[in-house]
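Colleague: sequence first, then the predicted structure, then my questions.
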Amino acid sequence: MIIAYLGRGCFLAFTALTFMEHTRSATITALGDVQLGLLETELLHREFSSLSADFRGFLLSLDKRLKKITDKAVELFTNKGKTTGIPKDSKVILEKGSSKKEAFSIVEGEA
């Protein structure tokens, strides 16, 4: 399943924010010459630990959400999943094309 083609000057990054999990969730194939950079995990962990608890939680939430979305895309691509659509009792918070720039944080319950 091809997610994207990136051209000259683009970069791609992958990090496991939990640092203890070293699971590969994607394969990257270069069609030409590339430069590979590696971040020092210990330094990255120290930087991450210095962030506020709320911001760390936000980043971990984004990381988990991206993994869930990626897993679902693969499941649908391989025809193992079925598109269920939007549940009937759902409420639209942001319309497609909306110019709202607010961020929402779930502090109780789940979405």
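Modeller: Arrived safely. Numbering: from 1, shown residues only.

Colleague: centre-most residue in the protein?
Modeller: Nearest to the geometric centre of the chain sits L66, at 2.7 Å (Cα atoms, centre = their mean).

Colleague: please, which helix or strand holds that one?
Modeller: Assigned by DSSP states H and E, L66 falls within helix 53-77.

Colleague: name the helices or strands packed onto that helix?
Modeller: With contacts defined as 3 or more Cβ pairs under 8 Å, 6 or more residues apart in numbering; DSSP states H and E, the packing partners of helix 53-77 are helix 41-49. C-beta coordinates here come from the backbone N, C-alpha and C atoms, glycine included.

Colleague: again, only this time at 7 Å
Modeller: Packed against helix 53-77 by the contact rule (3 or more Cβ pairs under 7 Å, 6 or more residues apart in numbering; DSSP states H and E) you find no helix or strand.

Colleague: quick one: mean pLDDT for that helix?
Modeller: Per-region confidence: helix 53-77 scores 83 on mean pLDDT.

Colleague: roughly how far is it from the heart of the chain?
Modeller: Distance, stretch centre to chain centre, for helix 53-77: 5 Å (Cα atoms, centre = their mean, to the nearest Å).

Colleague: quick check: angle from that helix to helix 41-49?
Modeller: Relative orientation of helix 53-77 versus helix 41-49 (axes from the mean of the first three to the mean of the last three Cα atoms, to 10 degrees): 110 degrees.

Colleague: buried stuff in helix 53-77?
Modeller: When burial is assessed from 16 or more other Cβ atoms under 10 Å, helix 53-77 yields no buried residues.

Colleague: and the gap between the residue nearest to the centre of the chain and R8?
Modeller: Distance of L66 to R8, given as Cβ to Cβ, to the nearest Å: 25 Å.

Colleague: same question, K64
Modeller: K64 is 32 Å from R8, by Cβ to Cβ.

Colleague: G97 too?
Modeller: From G97 to R8 the distance is 31 Å (Cβ to Cβ).
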